[in-house]
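J.: Got a predicted structure plus its sequence, pasted below:
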Amino acid sequence: MKPSKLMFRVLATLSLLVLLVVTSVSVLAQDRTVVTVWMHNHEPRVPLDEENIARFEADNPDIDVELVIIENAEFDTRLNTGLASGEGPDVFNQWTAFMGEFHASELLAPVDPVAFGVESLDDIYALYGDSAAAFLAGATFDEQLFGIPTELSVYACYANNEMFAAAGLDAATDFPTTWEEMRDVAEQLTIRDANGVPTQRGFDFQWGASIMMYLQFDPMVRQLGASMIDQASMTATIDTPQVAQVMQYWNDWANTWNLGGPQYTDPRTGFWNKEVAIDCSQGNWGVPLIEEAGIDWSVHPVPRWENAVNDNGFALYAYFLMVNAFSEPEVQAAGWKLINYLTSTPDRALTEAGLFQPRVDFTSTDTFLEDPVMPTFLAEMSVSFYTPLIPAWTESADVLQRARDRVISGGEDIATVLAETGPEVNDVIMGAMEAGS
(Lines give C-alpha, C1' and ligand atoms only; values in the text may rest on other atoms or scores of the structure.)
Protein backbone atom coordinates (compact mmCIF):
# COMPACT_ATOMS: atom_id res chain seq x y z
CA MET A 1 0.00 0.00 0.00
CA LYS A 2 1.32 3.41 -0.95
CA PRO A 3 1.97 5.65 2.11
CA SER A 4 -0.29 8.72 2.31
CA LYS A 5 0.79 12.29 2.87
CA LEU A 6 -0.88 12.10 6.30
CA MET A 7 1.34 9.20 7.30
CA PHE A 8 4.43 11.13 6.26
CA ARG A 9 3.29 14.07 8.39
CA VAL A 10 2.67 11.84 11.40
CA LEU A 11 6.08 10.20 11.09
CA ALA A 12 7.77 13.55 10.69
CA THR A 13 6.00 14.89 13.76
CA LEU A 14 6.96 11.84 15.81
CA SER A 15 10.58 12.15 14.73
CA LEU A 16 10.60 15.77 15.75
CA LEU A 17 9.11 14.92 19.15
CA VAL A 18 11.71 12.21 19.75
CA LEU A 19 14.48 14.64 18.83
CA LEU A 20 13.08 17.25 21.20
CA VAL A 21 12.83 14.72 24.06
CA VAL A 22 16.38 13.44 23.54
CA THR A 23 17.70 17.00 23.35
CA SER A 24 15.82 17.98 26.50
CA VAL A 25 17.12 14.97 28.41
CA SER A 26 20.66 15.73 27.27
CA VAL A 27 20.38 19.37 28.37
CA LEU A 28 18.91 18.33 31.72
CA ALA A 29 21.70 15.82 32.24
CA GLN A 30 24.28 18.50 31.50
CA ASP A 31 22.58 20.96 33.90
CA ARG A 32 22.49 18.57 36.86
CA THR A 33 24.85 19.18 39.77
CA VAL A 34 26.55 16.19 41.37
CA VAL A 35 27.84 16.41 44.97
CA THR A 36 30.14 13.67 46.25
CA VAL A 37 30.09 13.11 50.01
CA TRP A 38 32.61 11.00 51.98
CA MET A 39 31.73 9.84 55.49
CA HIS A 40 33.37 7.41 57.91
CA ASN A 41 31.33 4.33 58.73
CA HIS A 42 29.49 5.07 61.96
CA GLU A 43 26.86 2.44 61.24
CA PRO A 44 23.99 3.87 63.33
CA ARG A 45 24.34 7.21 61.52
CA VAL A 46 24.29 5.90 57.95
CA PRO A 47 20.52 5.24 57.64
CA LEU A 48 19.78 8.76 58.89
CA ASP A 49 22.24 10.24 56.38
CA GLU A 50 20.62 8.27 53.58
CA GLU A 51 17.17 9.41 54.63
CA ASN A 52 18.21 13.07 54.79
CA ILE A 53 19.93 12.81 51.41
CA ALA A 54 16.78 11.30 49.87
CA ARG A 55 14.76 14.20 51.30
CA PHE A 56 17.32 16.67 49.92
CA GLU A 57 17.24 15.15 46.43
CA ALA A 58 13.44 15.17 46.43
CA ASP A 59 13.46 18.88 47.29
CA ASN A 60 16.29 19.59 44.83
CA PRO A 61 15.68 17.46 41.72
CA ASP A 62 18.51 19.19 39.85
CA ILE A 63 21.13 17.91 42.34
CA ASP A 64 22.42 14.35 42.70
CA VAL A 65 24.27 13.21 45.81
CA GLU A 66 26.83 10.42 45.71
CA LEU A 67 27.35 9.17 49.28
CA VAL A 68 30.52 7.15 49.86
CA ILE A 69 30.87 5.35 53.21
CA ILE A 70 34.47 4.41 54.00
CA GLU A 71 35.53 1.97 56.69
CA ASN A 72 36.99 3.72 59.72
CA ALA A 73 40.45 2.12 59.49
CA GLU A 74 40.84 3.48 55.93
CA PHE A 75 39.05 6.79 56.22
CA ASP A 76 41.81 9.17 57.35
CA THR A 77 44.32 7.92 54.79
CA ARG A 78 41.84 7.84 51.90
CA LEU A 79 40.49 11.28 52.68
CA ASN A 80 43.91 12.89 53.07
CA THR A 81 45.20 11.24 49.91
CA GLY A 82 42.07 12.15 47.94
CA LEU A 83 42.14 15.79 48.99
CA ALA A 84 45.88 16.12 48.33
CA SER A 85 45.58 14.57 44.86
CA GLY A 86 42.53 16.55 43.78
CA GLU A 87 40.46 13.36 43.59
CA GLY A 88 38.73 13.86 46.90
CA PRO A 89 35.08 14.56 47.74
CA ASP A 90 33.11 17.79 47.50
CA VAL A 91 31.75 17.39 51.04
CA PHE A 92 33.45 15.44 53.82
CA ASN A 93 33.13 14.76 57.52
CA GLN A 94 36.28 14.76 59.68
CA TRP A 95 37.28 15.45 63.24
CA THR A 96 39.15 18.41 64.61
CA ALA A 97 42.58 16.75 64.77
CA PHE A 98 42.88 17.37 61.01
CA MET A 99 41.30 20.82 60.90
CA GLY A 100 44.52 22.80 61.26
CA GLU A 101 46.20 20.84 58.48
CA PHE A 102 43.22 21.25 56.13
CA HIS A 103 43.11 24.99 56.74
CA ALA A 104 46.85 25.46 56.33
CA SER A 105 46.63 23.64 53.00
CA GLU A 106 43.77 25.93 51.92
CA LEU A 107 41.49 22.94 51.31
CA LEU A 108 38.47 24.36 53.11
CA ALA A 109 35.77 26.59 51.65
CA PRO A 110 34.27 29.05 54.15
CA VAL A 111 30.66 28.46 55.11
CA ASP A 112 28.23 30.08 52.68
CA PRO A 113 25.25 31.15 54.83
CA VAL A 114 22.96 31.90 51.89
CA ALA A 115 23.64 28.53 50.26
CA PHE A 116 23.14 26.93 53.69
CA GLY A 117 19.68 28.49 53.75
CA VAL A 118 19.95 31.53 56.03
CA GLU A 119 20.70 35.21 55.53
CA SER A 120 23.96 35.60 57.43
CA LEU A 121 26.63 33.89 59.49
CA ASP A 122 24.94 35.30 62.60
CA ASP A 123 21.93 33.16 61.77
CA ILE A 124 24.10 30.04 61.78
CA TYR A 125 25.58 30.99 65.14
CA ALA A 126 22.06 31.55 66.46
CA LEU A 127 21.30 27.88 65.82
CA TYR A 128 23.77 27.00 68.60
CA GLY A 129 22.73 29.54 71.23
CA ASP A 130 24.88 31.35 73.78
CA SER A 131 27.74 28.83 73.47
CA ALA A 132 27.88 29.01 69.68
CA ALA A 133 31.30 30.67 69.54
CA ALA A 134 32.78 27.95 71.78
CA PHE A 135 31.05 25.09 69.98
CA LEU A 136 31.97 26.29 66.48
CA ALA A 137 35.55 27.28 67.41
CA GLY A 138 36.68 23.85 66.24
CA ALA A 139 36.14 24.96 62.64
CA THR A 140 36.93 28.67 63.01
CA PHE A 141 40.06 30.46 61.79
CA ASP A 142 40.52 34.23 61.88
CA GLU A 143 36.83 34.64 62.76
CA GLN A 144 35.81 32.72 59.64
CA LEU A 145 33.73 29.54 59.91
CA PHE A 146 34.63 26.52 57.78
CA GLY A 147 32.34 23.72 58.96
CA ILE A 148 29.07 22.63 60.57
CA PRO A 149 29.24 20.08 63.41
CA THR A 150 27.80 16.60 63.04
CA GLU A 151 29.09 15.45 66.42
CA LEU A 152 30.36 17.45 69.38
CA SER A 153 31.96 15.47 72.17
CA VAL A 154 33.87 15.78 75.42
CA TYR A 155 34.88 13.32 78.10
CA ALA A 156 33.21 13.23 81.49
CA CYS A 157 33.75 10.79 84.36
CA TYR A 158 31.71 7.63 84.85
CA ALA A 159 31.65 6.00 88.28
CA ASN A 160 30.86 2.37 89.12
CA ASN A 161 28.40 2.93 91.96
CA GLU A 162 28.72 -0.62 93.30
CA MET A 163 32.51 -0.35 93.57
CA PHE A 164 32.09 2.95 95.43
CA ALA A 165 29.63 1.31 97.84
CA ALA A 166 31.96 -1.66 98.40
CA ALA A 167 34.64 0.83 99.49
CA GLY A 168 32.24 2.56 101.88
CA LEU A 169 31.75 5.51 99.53
CA ASP A 170 28.73 7.05 97.81
CA ALA A 171 29.42 8.22 94.26
CA ALA A 172 26.70 10.86 94.58
CA THR A 173 28.46 12.64 97.46
CA ASP A 174 32.04 11.33 97.50
CA PHE A 175 33.02 11.70 93.85
CA PRO A 176 36.19 13.83 93.71
CA THR A 177 35.79 17.37 92.44
CA THR A 178 39.53 18.19 92.46
CA TRP A 179 42.61 16.35 91.25
CA GLU A 180 43.93 16.44 94.79
CA GLU A 181 40.77 14.65 95.98
CA MET A 182 41.03 12.19 93.09
CA ARG A 183 44.22 10.75 94.55
CA ASP A 184 42.57 10.12 97.94
CA VAL A 185 39.34 8.67 96.54
CA ALA A 186 41.21 6.49 94.03
CA GLU A 187 43.34 5.06 96.84
CA GLN A 188 40.20 4.09 98.74
CA LEU A 189 38.84 2.39 95.63
CA THR A 190 42.09 0.54 94.85
CA ILE A 191 42.51 -3.13 95.77
CA ARG A 192 46.06 -4.52 95.81
CA ASP A 193 47.58 -8.00 95.88
CA ALA A 194 50.13 -9.19 98.44
CA ASN A 195 52.90 -7.38 96.55
CA GLY A 196 51.02 -4.09 96.51
CA VAL A 197 50.14 -4.32 92.81
CA PRO A 198 46.64 -2.96 92.03
CA THR A 199 44.17 -5.62 90.97
CA GLN A 200 41.40 -3.04 91.01
CA ARG A 201 42.18 0.58 90.20
CA GLY A 202 40.20 3.51 91.47
CA PHE A 203 41.04 5.66 88.45
CA ASP A 204 43.68 5.85 85.76
CA PHE A 205 44.64 8.02 82.80
CA GLN A 206 44.59 6.90 79.18
CA TRP A 207 48.28 6.15 78.60
CA GLY A 208 48.28 4.28 75.29
CA ALA A 209 47.13 6.80 72.68
CA SER A 210 49.17 9.95 72.05
CA ILE A 211 45.98 11.90 71.30
CA MET A 212 45.36 11.91 75.07
CA MET A 213 48.19 14.42 75.41
CA TYR A 214 45.76 16.87 73.80
CA LEU A 215 42.46 15.41 75.07
CA GLN A 216 43.45 14.89 78.74
CA PHE A 217 46.94 16.22 79.58
CA ASP A 218 46.79 19.67 77.97
CA PRO A 219 43.31 20.45 79.39
CA MET A 220 44.78 19.89 82.86
CA VAL A 221 47.45 22.45 81.92
CA ARG A 222 44.72 24.81 80.70
CA GLN A 223 42.94 24.53 84.02
CA LEU A 224 46.08 26.09 85.49
CA GLY A 225 45.94 29.03 83.07
CA ALA A 226 48.45 27.93 80.42
CA SER A 227 48.52 25.75 77.31
CA MET A 228 51.23 23.70 75.66
CA ILE A 229 50.36 25.10 72.21
CA ASP A 230 49.48 28.68 71.29
CA GLN A 231 47.24 28.35 68.25
CA ALA A 232 47.52 31.99 67.23
CA SER A 233 51.30 31.84 66.84
CA MET A 234 51.45 28.11 66.05
CA THR A 235 54.16 27.66 68.67
CA ALA A 236 54.69 25.32 71.60
CA THR A 237 55.67 26.42 75.09
CA ILE A 238 56.29 23.29 77.12
CA ASP A 239 58.80 24.35 79.78
CA THR A 240 56.34 26.03 82.16
CA PRO A 241 55.37 25.54 85.83
CA GLN A 242 51.87 24.49 84.74
CA VAL A 243 53.09 21.71 82.45
CA ALA A 244 55.53 20.63 85.14
CA GLN A 245 52.70 20.41 87.70
CA VAL A 246 50.62 18.16 85.45
CA MET A 247 53.62 16.03 84.50
CA GLN A 248 54.54 15.61 88.16
CA TYR A 249 50.99 14.52 88.95
CA TRP A 250 50.94 11.91 86.18
CA ASN A 251 54.37 10.71 87.27
CA ASP A 252 53.31 10.47 90.91
CA TRP A 253 50.15 8.64 89.87
CA ALA A 254 52.16 5.86 88.27
CA ASN A 255 55.44 5.82 90.19
CA THR A 256 54.92 7.36 93.63
CA TRP A 257 51.35 6.50 94.54
CA ASN A 258 51.22 3.30 92.45
CA LEU A 259 47.63 3.91 91.40
CA GLY A 260 48.01 3.00 87.72
CA GLY A 261 50.25 3.51 84.73
CA PRO A 262 50.90 2.51 81.13
CA GLN A 263 51.51 -1.14 82.05
CA TYR A 264 47.83 -1.75 82.85
CA THR A 265 44.78 -2.35 80.68
CA ASP A 266 43.46 0.96 79.44
CA PRO A 267 40.92 2.39 81.92
CA ARG A 268 38.03 2.51 79.48
CA THR A 269 38.25 -1.24 78.89
CA GLY A 270 39.03 -1.73 82.57
CA PHE A 271 35.86 0.14 83.52
CA TRP A 272 33.75 -2.01 81.22
CA ASN A 273 35.39 -5.10 82.77
CA LYS A 274 34.70 -3.80 86.32
CA GLU A 275 38.42 -3.51 87.06
CA VAL A 276 38.44 0.31 87.29
CA ALA A 277 35.99 2.28 89.43
CA ILE A 278 36.24 5.65 87.63
CA ASP A 279 36.82 6.29 83.94
CA CYS A 280 37.10 9.80 82.51
CA SER A 281 37.68 8.87 78.86
CA GLN A 282 34.16 8.33 77.52
CA GLY A 283 31.59 10.66 76.03
CA ASN A 284 27.83 10.35 76.04
CA TRP A 285 28.33 7.56 73.50
CA GLY A 286 29.71 5.38 76.32
CA VAL A 287 26.33 4.76 77.98
CA PRO A 288 25.19 1.82 75.80
CA LEU A 289 28.55 0.09 76.27
CA ILE A 290 28.50 0.66 80.02
CA GLU A 291 24.95 -0.65 80.33
CA GLU A 292 25.80 -3.62 78.15
CA ALA A 293 28.52 -4.44 80.70
CA GLY A 294 25.88 -4.52 83.45
CA ILE A 295 27.33 -1.61 85.44
CA ASP A 296 25.36 0.51 87.91
CA TRP A 297 26.79 3.86 86.87
CA SER A 298 26.63 7.60 87.42
CA VAL A 299 28.20 10.47 85.47
CA HIS A 300 30.22 13.37 86.91
CA PRO A 301 32.26 16.38 85.75
CA VAL A 302 36.02 16.03 85.33
CA PRO A 303 37.94 17.20 88.43
CA ARG A 304 39.63 20.61 88.51
CA TRP A 305 42.82 21.63 90.33
CA GLU A 306 42.44 23.33 93.70
CA ASN A 307 44.48 26.21 92.23
CA ALA A 308 42.64 26.16 88.89
CA VAL A 309 42.47 29.39 86.90
CA ASN A 310 40.10 28.08 84.23
CA ASP A 311 36.98 26.03 84.96
CA ASN A 312 37.36 23.63 82.03
CA GLY A 313 37.14 19.88 81.96
CA PHE A 314 38.83 17.75 79.33
CA ALA A 315 39.12 18.89 75.71
CA LEU A 316 36.32 19.38 73.25
CA TYR A 317 36.56 17.53 69.97
CA ALA A 318 34.12 17.33 67.11
CA TYR A 319 33.37 16.10 63.64
CA PHE A 320 32.49 18.83 61.14
CA LEU A 321 31.00 18.65 57.67
CA MET A 322 33.20 20.71 55.36
CA VAL A 323 33.27 21.68 51.69
CA ASN A 324 36.24 21.25 49.37
CA ALA A 325 37.58 24.65 48.30
CA PHE A 326 38.62 23.18 44.94
CA SER A 327 35.12 22.05 43.97
CA GLU A 328 33.24 24.12 41.40
CA PRO A 329 31.31 27.10 42.85
CA GLU A 330 27.91 25.60 42.05
CA VAL A 331 28.96 22.33 43.68
CA GLN A 332 30.16 24.18 46.79
CA ALA A 333 26.81 25.96 47.04
CA ALA A 334 24.96 22.66 46.65
CA GLY A 335 27.25 21.16 49.28
CA TRP A 336 26.36 23.76 51.92
CA LYS A 337 22.69 23.35 51.09
CA LEU A 338 23.05 19.60 51.58
CA ILE A 339 24.92 20.08 54.88
CA ASN A 340 21.90 21.96 56.23
CA TYR A 341 19.79 18.86 55.59
CA LEU A 342 22.38 16.49 57.07
CA THR A 343 22.49 18.48 60.32
CA SER A 344 18.78 19.32 60.58
CA THR A 345 17.72 16.32 62.71
CA PRO A 346 19.75 16.67 65.95
CA ASP A 347 17.15 14.81 68.00
CA ARG A 348 17.41 11.70 65.83
CA ALA A 349 21.20 12.02 65.55
CA LEU A 350 21.39 11.58 69.32
CA THR A 351 18.64 9.04 69.90
CA GLU A 352 19.43 6.87 66.86
CA ALA A 353 23.19 7.34 66.41
CA GLY A 354 24.45 8.66 69.77
CA LEU A 355 25.81 11.82 68.13
CA PHE A 356 25.29 15.21 69.77
CA GLN A 357 24.63 18.25 67.59
CA PRO A 358 24.20 21.15 70.04
CA ARG A 359 21.44 23.11 68.32
CA VAL A 360 19.25 25.08 70.71
CA ASP A 361 16.04 23.87 69.10
CA PHE A 362 17.04 20.46 70.48
CA THR A 363 18.88 21.26 73.72
CA SER A 364 15.82 23.16 74.98
CA THR A 365 13.50 20.16 74.58
CA ASP A 366 12.34 17.83 77.34
CA THR A 367 13.92 14.93 75.46
CA PHE A 368 17.32 16.50 75.93
CA LEU A 369 16.84 18.00 79.39
CA GLU A 370 15.54 14.72 80.81
CA ASP A 371 18.37 12.66 79.33
CA PRO A 372 20.40 11.01 82.14
CA VAL A 373 23.78 12.27 80.87
CA MET A 374 23.41 15.01 78.26
CA PRO A 375 22.93 18.01 80.60
CA THR A 376 26.21 17.06 82.33
CA PHE A 377 28.02 16.76 79.02
CA LEU A 378 26.55 20.02 77.71
CA ALA A 379 27.71 21.82 80.86
CA GLU A 380 31.24 20.43 80.40
CA MET A 381 31.28 21.39 76.72
CA SER A 382 30.16 24.93 77.49
CA VAL A 383 33.24 25.66 79.63
CA SER A 384 35.89 23.56 77.87
CA PHE A 385 38.27 24.20 74.96
CA TYR A 386 39.03 22.52 71.66
CA THR A 387 42.40 20.91 71.20
CA PRO A 388 44.77 23.26 69.29
CA LEU A 389 43.95 23.43 65.58
CA ILE A 390 47.43 23.03 64.20
CA PRO A 391 49.13 21.22 61.31
CA ALA A 392 50.92 18.04 62.36
CA TRP A 393 48.45 17.55 65.22
CA THR A 394 49.09 13.80 65.44
CA GLU A 395 52.85 14.09 64.97
CA SER A 396 53.14 16.73 67.68
CA ALA A 397 51.00 14.61 70.01
CA ASP A 398 53.47 11.78 69.43
CA VAL A 399 56.34 14.07 70.49
CA LEU A 400 54.48 15.03 73.65
CA GLN A 401 53.78 11.40 74.48
CA ARG A 402 57.44 10.51 74.06
CA ALA A 403 58.30 13.31 76.47
CA ARG A 404 55.79 11.98 78.98
CA ASP A 405 57.19 8.47 78.63
CA ARG A 406 60.75 9.71 79.15
CA VAL A 407 59.58 10.87 82.57
CA ILE A 408 57.06 8.18 83.51
CA SER A 409 58.81 5.10 82.14
CA GLY A 410 62.37 6.35 81.73
CA GLY A 411 62.71 8.21 85.02
CA GLU A 412 64.27 11.29 83.40
CA ASP A 413 64.23 14.70 85.04
CA ILE A 414 61.04 16.64 84.28
CA ALA A 415 62.73 20.01 83.82
CA THR A 416 65.27 18.59 81.38
CA VAL A 417 62.61 16.80 79.33
CA LEU A 418 60.30 19.81 79.11
CA ALA A 419 63.15 22.11 78.05
CA GLU A 420 63.99 19.75 75.17
CA THR A 421 60.43 19.03 74.11
CA GLY A 422 59.29 22.54 73.16
CA PRO A 423 61.82 23.00 70.32
CA GLU A 424 61.04 19.50 69.02
CA VAL A 425 57.31 20.22 68.84
CA ASN A 426 57.97 23.56 67.15
CA ASP A 427 60.14 21.88 64.52
CA VAL A 428 57.32 19.41 63.75
CA ILE A 429 54.70 22.18 63.43
CA MET A 430 56.96 24.41 61.34
CA GLY A 431 57.86 21.53 59.05
CA ALA A 432 54.18 20.80 58.43
CA MET A 433 53.43 24.46 57.73
CA GLU A 434 56.27 24.72 55.24
CA ALA A 435 55.18 21.50 53.52
CA GLY A 436 51.63 22.81 53.17
CA SER A 437 52.59 26.24 51.89
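T.: Structure's in. What do you need? Numbering: from 1, shown residues only.
J.: rest of the way, CA atoms for contacts and neighbours
T.: Will do.
J.: my guess is Thr237 contacts Met228, does it?
T.: Yes - taking Cα atoms under 8 Å as the definition, Thr237 is a contact partner of Met228 at 5.2 Å.
J.: Can you pick out the residue with more neighbours from the two?
T.: Using other Cα atoms under 10 Å, the more surrounded residue of Thr237 and Met228 is Met228, with 24 against 18.
J.: Now for the more buried one: which residues touch it?
T.: Listed by Cα atoms under 8 Å, 6 or more residues apart in numbering, the contact set of Met228 reads 218, 221, 236-238, 243.
J.: Need phi/psi at it.
T.: phi -70, psi -30 (degrees, to the nearest 10).
J.: Report how many residues lie close to Val221.
T.: 25.
J.: ditto for Asp193
T.: A count of nearby residues for Asp193, using other Cα under 10 Å, gives 9.
J.: For it, what are phi and psi?
T.: phi -80, psi -170.
J.: quick one: it and Arg201, what's the gap?
T.: Distance, Asp193 to Arg201, by Cα to Cα, to the nearest Å: 12 Å.
J.: Give me the buried stretch members for stretch 382-395, please.
T.: 382-393, 395 (16 or more other Cα atoms under 10 Å).
J.: Please read the previous query as pertaining to stretch 114-133.
T.: 115-117, 124-125, 128, 131-133.
J.: Pull the distance from that stretch to the chain's centre.
T.: Here stretch 114-133 is found 20 Å from its chain centre; the criterion is Cα atoms, centre = their mean, to the nearest Å.
J.: Please work out the average pLDDT along it.
T.: The pLDDT scores in stretch 114-133 average 96.
J.: picking up where we left off before, wait, which of the contacts of Met228 is closest to Gly100?
T.: Ala236 (14.7 Å; Cα to Cα).
J.: bridging residues for that closest one?
T.: Ile229 (DSSP bridges).
J.: mind listing what it touches?
T.: So Ala236 contacts 228-230, 422-423, 425-426 (Cα under 8 Å, 6+ apart).
J.: now swap in Phe203 and tell me
T.: So, once contact is read as Cα under 8 Å, 6+ apart, Phe203 ends up touching 186, 259-260, 267, 276-279.
J.: domain parsing for this protein?
T.: 31-154+316-383, 156-315+391-436 (automatic domain parsing).
J.: following the strand or helix carrying Asp76, which helix or strand shows up next?
T.: In this structure, Asp76 sits in helix 72-85 according to DSSP states H and E. Counting by DSSP H and E, the element after helix 72-85 in chain order, helix or strand, is strand 91-95.
J.: Tell me the helix or strand right after that next one.
T.: Using DSSP H and E, the helix or strand that follows strand 91-95 in sequence is helix 99-104.
J.: So what touches stretch 178-185?
T.: 174-176, 202, 253, 303-306.
J.: Which residue ranges of the stretch 201-350 of the chain form helices?
T.: 212, 218-223, 241-251, 267-272, 287-292, 329-342, 346-353 (DSSP state H, counting those that start in this stretch).
J.: Now distance to Met163 too, for those, in CSV please.
T.: Formatted as CSV, the helices of the stretch 201-350 of the chain follow (distance: least, Cα to Cα, whole Å):
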stretch, distance to Met163
helix 212, 26
helix 218-223, 26
helix 241-251, 23
helix 267-272, 11
helix 287-292, 14
helix 329-342, 41
helix 346-353, 29
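J.: To Ser409, which of the ones you listed lies closest?
T.: Comparing these by Cα to Cα, helix 241-251 comes nearest, at 8.8 Å.
J.: Work out for me the element Ala58 sits within.
T.: helix 46-59.
J.: Which elements pack onto that helix?
T.: Contacts defined by 3 or more Cα pairs under 8 Å, 6 or more residues apart in numbering; DSSP states H and E place helix 46-59 against strand 63-70, helix 329-342.
J.: still on that earlier bit, buried deepest among the helices of the stretch 201-350 of the chain, which one?
T.: helix 218-223 (a mean of 26; mean count of other Cα atoms under 10 Å).
J.: what's in contact with that helix?
T.: 227-228, 242-243, 246, 304-305, 308-315, 385.
J.: 6 Å instead?
T.: 227, 242-243, 308-310, 312, 314-315 (Cα atoms under 6 Å, 6 or more residues apart in numbering).
J.: Now these in JSON lines, please, with extra columns for pLDDT and distance to Val154.
T.: Formatted as JSON lines, the contacts of helix 218-223 follow (pLDDT from 0 to 100; distance: Cα to Cα, whole Å):
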{"residue": "Ser227", "pLDDT": "96", "distance to Val154": "18"}
{"residue": "Gln242", "pLDDT": "98", "distance to Val154": "22"}
{"residue": "Val243", "pLDDT": "98", "distance to Val154": "21"}
{"residue": "Ala308", "pLDDT": "97", "distance to Val154": "19"}
{"residue": "Val309", "pLDDT": "97", "distance to Val154": "20"}
{"residue": "Asn310", "pLDDT": "97", "distance to Val154": "16"}
{"residue": "Asn312", "pLDDT": "97", "distance to Val154": "11"}
{"residue": "Phe314", "pLDDT": "98", "distance to Val154": "7"}
{"residue": "Ala315", "pLDDT": "97", "distance to Val154": "6"}
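J.: Can you say which of those are buried?
T.: 227, 242-243, 310, 312, 314-315.
J.: Return the member of the residues you listed nearest to Ile414.
T.: Val243 (9.6 Å).
J.: Buried residues in the helix or strand where Ala415 lies, which are they?
T.: Element membership for Ala415, per DSSP H and E: helix 414-436. Neighbour-count burial for helix 414-436 flags 414-415, 417-418, 421-422, 425-426, 428-430, 432-433 (criterion: 16+ other Cα under 10 Å).
J.: does the residue lying closest to Tyr125 once chain neighbours are set aside sit in a helix or strand, and which one?
T.: Once flanking residues are discounted, Tyr125 sits nearest to Ala132: 5.5 Å by Cα to Cα, 6 or more residues apart in numbering. Using DSSP H and E, Ala132 sits within helix 132-136.
J.: I'd like the buried residues of stretch 382-395 laid out as CSV, including pLDDT, distance to Thr363 and secondary structure.
T.: Listed next are those as CSV, based on pLDDT from 0 to 100; distance: Cα to Cα, whole Å; DSSP: H, G, I helix; E, B strand; the rest coil:
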residue, pLDDT, distance to Thr363, secondary structure
Ser382, 94, 12, helix
Val383, 94, 16, helix
Ser384, 95, 18, coil
Phe385, 94, 20, coil
Tyr386, 96, 20, strand
Thr387, 94, 24, coil
Pro388, 94, 26, coil
Leu389, 95, 26, coil
Ile390, 95, 30, coil
Pro391, 94, 33, coil
Ala392, 95, 34, coil
Trp393, 96, 31, helix
Glu395, 96, 36, helix
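J.: closest to Ala334 among those residues?
T.: Leu389 (26.8 Å).
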